[in-house]
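Asker: Have a look at this prediction, sequence included:
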Number of protein chains: 2
Amino acid sequence: MTDNKPVQIRMSDYPGKGNARNIWRITHDPLRSIEEGEVLVRLDYISIDPGMRGWITNKRSYMPPVKPGGVMRAFGMGEVLESRATGLAVGDQVTGFTGVQTHGVFKQESLRKIGLPGVSPHMFLSGLGMTGYTGYFGMTDIGQPQDGETVVVSAASGAVGSVAAQAAKLAGARVIGIAGGSDKCGYLTDELGLDAAIDYKNDDINAALSANCPDGIDLYFDNVGGDILSAVLNQMNYKGRIVVCGGISQYDDFASAAGPANFMTVVTHSLTMRGFTMRDYMHRVPEALEWLVPAWTEGRIKFREHIVEGIENFPDAFDMVFEGKNHGKLLLKIG
Amino acid sequence: MTDNKPVQIRMSDYPGKGNARNIWRITHDPLRSIEEGEVLVRLDYISIDPGMRGWITNKRSYMPPVKPGGVMRAFGMGEVLESRATGLAVGDQVTGFTGVQTHGVFKQESLRKIGLPGVSPHMFLSGLGMTGYTGYFGMTDIGQPQDGETVVVSAASGAVGSVAAQAAKLAGARVIGIAGGSDKCGYLTDELGLDAAIDYKNDDINAALSANCPDGIDLYFDNVGGDILSAVLNQMNYKGRIVVCGGISQYDDFASAAGPANFMTVVTHSLTMRGFTMRDYMHRVPEALEWLVPAWTEGRIKFREHIVEGIENFPDAFDMVFEGKNHGKLLLKIG
């Protein structure tokens, strides 16, 4: 837990459909020495995302699963302590798939240098990081909300959903956010300025959608699938669009989640459903930052973070994100 | 059954999920006299399509369902016997939603005048009709097959699928057709010149797709949903496209057909699924004919028709299309 003693969180085996509580192992393996083109990094923050559930599911997905015994995959950020790479110097701040560990040796090309005057580097794991990019590209590039359209976003108070919802709002759409609980719903309308919020835990979702979308739904940004997707499908407008986001999907068994029972609405209403993950947009990250940074620094959009401290608390943080207990982008502070 | 005694086939009630055998009633109601802007038409052929199942299902769909007691909806063609409309003259051949009946009185604007030198008018109900347009627009406008891509078409020997498959072939794609039985599969490879055919009734669909699509599937034209859609999803390439066709879907209970069990492949592989019905393209019918007519008259594509004779045999014809017993576009010859 110190700068000198490396700690890793490893996945001992795939949890199957059950709880992942018992699969984590803490190890204290020494680091290998760095080679030409590599750097040693001290990790400061790790991003905790629902998408991690897919990485510990032994099925075909957008990335191969973590191997049993391997360090748990995670996106993280930290500082270069040693460098044998021409493009990175000691003291540089970097992000990348660092794994859940206190230190790591990485090839230079697997990391991206970050840093912006006046911006805390961990912001590059939240609003200015992968979840921010996911919300931005999913909404603006795929969804393309138009002025006056009705847009619904599920998990709208989450790290991806909140950026997606705010991007739609800035494009001139009427935006209805779906979230669980009155706190999160209050955040959507009071803090983010959405036009309405639906509490899926307490509201009748069908009735609430009807009441808040009198002209039907033109665009749905789907973070959750399941019953909410089914309910939205019933109120989609002709030629509506559905963006199916792989960023924070909350499926317990992601790779085998079933399609909506009323799937044929896709045909009867000539809908377009488009799935994506950030791998489709990694080459366009600068474009997202060009939009996100000024929108954030000038106060047009807001981000919220929820920070858990200590690498040993990774199992708690991992559970938290699936139970929807975090408020804002969940980060694990390593040091 | 004669030119002088009108006959109608009516739907007495919605059949629910069961067999539709007992819902049909034959009536001999006299025709009302025609008013200004209307014509009296003698129907010669009626198109029998799987999509009809949706019209007798009392659920939200792309068209309102037939009302109990009403004449069964159908697309048909016939000849104008009397006219009080400026745009249609006695003797003109017309198509439109005529219903299953020997005669009908229609507003001029609900019909389209047809006719092409040397072309039997009933062709405008098959290859040069709605099913032909559906296959053409679905494949070329939505699917957009590219030279060298691997394209899979289900119900490929059917009226829509066969046009879609041939359009993909003409675009330079490798085309694999799926059909039920060796006769239909032989037709796909021997007559239509597809690269391979898969017999879903006798082949292991997953193994057959693997064997015939060694480079994965770029584009799937889905006519059937269900298990075949699931199997294809497992072998879709990254950023693949799925056209979900509402033209001849064979769902018994169309409006509530469930999505595929492995729906999340849409996310993990960044797929686009787009549903459509011909209502999206009614304004572009001339464009389809511009492509279909020369392709057919010059022998680049083939159509096949299956004609059942006699309006009293409508119930048999209706069952036939759901049991996959027709070979080619099913038409009911009225006279």
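Answerer: That came through fine.
Asker: In a strand, A:I34, correct?
Answerer: No - A:I34: not assigned to a strand; according to DSSP: H, G, I helix; E, B strand; the rest coil it is coil.
Asker: Now do the contacts for it.
Answerer: Contact analysis of A:I34 by CB atoms under 8 Å, 6 or more residues apart in numbering or on different chains lists A:L40, A:E82, A:S83, A:R84, A:V105. All C-beta atoms are positioned from the backbone trio N, CA, C, and that covers glycine.
Asker: again, 7 Å this time
Answerer: A:L40, A:E82, A:R84, A:V105 (CB atoms under 7 Å, 6 or more residues apart in numbering or on different chains).
Asker: phi, psi of the third one?
Answerer: It stands for A:R84. The phi and psi values for A:R84, taken as degrees, to the nearest 10, are phi -120, psi 30.
Asker: burial count for it?
Answerer: When neighbours are defined as other CB atoms under 10 Å in any protein chain shown, A:R84 has 15 of them.
Asker: And the pLDDT for it?
Answerer: Listed pLDDT for A:R84 reads 97.
Asker: Next one: it from A:M139, what distance?
Answerer: 40 Å (CB to CB, to the nearest Å).
Asker: Look at A:V90 and give its secondary structure.
Answerer: coil.
Asker: same check, this time on the one 5 residues further on
Answerer: Reducing the assignment at A:T95 to three states with three-state DSSP gives strand.
Asker: bridging residues for the residue lying closest to it once chain neighbours are set aside?
Answerer: Nearest residue to A:T95, sequence neighbours excluded (CB to CB, 6 or more residues apart in numbering or on different chains): A:M77, at 4.5 Å. According to DSSP bridges, the residues that bridge with A:M77 are A:Y45, A:T95.
Asker: Report how many residues lie close to A:M77.
Answerer: Neighbourhood size, A:M77 [other CB under 10 Å]: 26.
Asker: remind me which residues of chain A are low pLDDT?
Answerer: Within chain A, the stretches with pLDDT under 70 are A:1-4, A:60-62, A:246-257.
Asker: Could you grab the helix/strand/coil label for the residue of it found nearest chain B?
Answerer: Of all residues in chain A, A:G259 sits closest to chain B, at 1.7 Å by CB to the nearest CB. When classified by three-state DSSP, A:G259 comes out as coil.
Asker: Would you enumerate the residues in contact with the residue lying closest to it once chain neighbours are set aside?
Answerer: What sits nearest to A:G259 in space, not counting adjacent residues and going by CB to CB, 6+ apart, is B:G259, at 1.7 Å. By CB under 7 Å, 6+ apart, the residues touching B:G259 are A:A258, A:G259, A:P260, A:F263.
Asker: Hmm, the last one is touching B:V266, no?
Answerer: Right, the one you point to is A:F263. No - A:F263 lies out of contact with B:V266 (CB atoms under 7 Å); the separation is 11.0 Å.
Asker: And the spatially most central residue of chain A, its phi and psi?
Answerer: Closest residue to the average C-alpha location of chain A: A:T131 at 4.0 Å, with CA atoms, centre = their mean. Dihedral angles of A:T131 (phi, psi; degrees, to the nearest 10) stand at phi -70, psi -40.
Asker: how close does it get to A:I176?
Answerer: Counting by CB to CB - A:T131 and A:I176 are separated by 21 Å.
Asker: do A:N326 as well
Answerer: 22 Å.
Asker: for A:K184, same thing?
Answerer: Distance from A:K184 to A:I176, by CB to CB: 14 Å.
Asker: Name the residue in the two with the higher neighbour count.
Answerer: Set A:K184 next to A:I176 and count neighbours by other CB under 10 Å: A:I176 wins out with 28 against 23.
Asker: wait, the more buried one sits on A:D195?
Answerer: Yes - applying CB under 7 Å as the test, A:I176 and A:D195 come out as touching, 6.1 Å apart.
Asker: which residues of the stretch 1-150 of chain A fall in strands?
Answerer: Under the criterion DSSP state E, counting those that start in this stretch, the stretch 1-150 of chain A contains strands at A:8-11, A:24-27, A:38-47, A:75-83, A:93-97, A:103-107, A:111-114, A:150-153.
Asker: Buried deepest among those strands, which one?
Answerer: strand A:150-153 (a mean of 30; mean count of other CB atoms under 10 Å in any protein chain shown).
Asker: domains of chain A?
Answerer: A:8-123+A:304-333, A:130-280 (automatic domain parsing).
Asker: Kindly check the end-to-end length of the first one for me.
Answerer: For domain A:8-123+A:304-333, the first-to-last residue distance is 14 Å (CA to CA, to the nearest Å).
Asker: what's the answer for the last one, then?
Answerer: Start to finish, the residues bounding domain A:130-280 are 12 Å apart (CA to CA).
Asker: tell me the most buried of the domains of chain A?
Answerer: Highest mean neighbour count among the domains of chain A (mean count of other CB under 10 Å): domain A:130-280, with a mean of 22.
Asker: Find the nearest non-adjacent residue to A:T102, please.
Answerer: In space, and not counting its chain neighbours, A:T102 is closest to A:V7: 4.6 Å by CB to CB, 6+ apart.
Asker: Got phi/psi on that neighbour?
Answerer: Taking degrees, to the nearest 10 as the convention, A:V7 sits at phi -130, psi 140.
Asker: rewinding a little: what values do phi and psi take at the residue of chain A closest to chain B?
Answerer: phi -70, psi 170.
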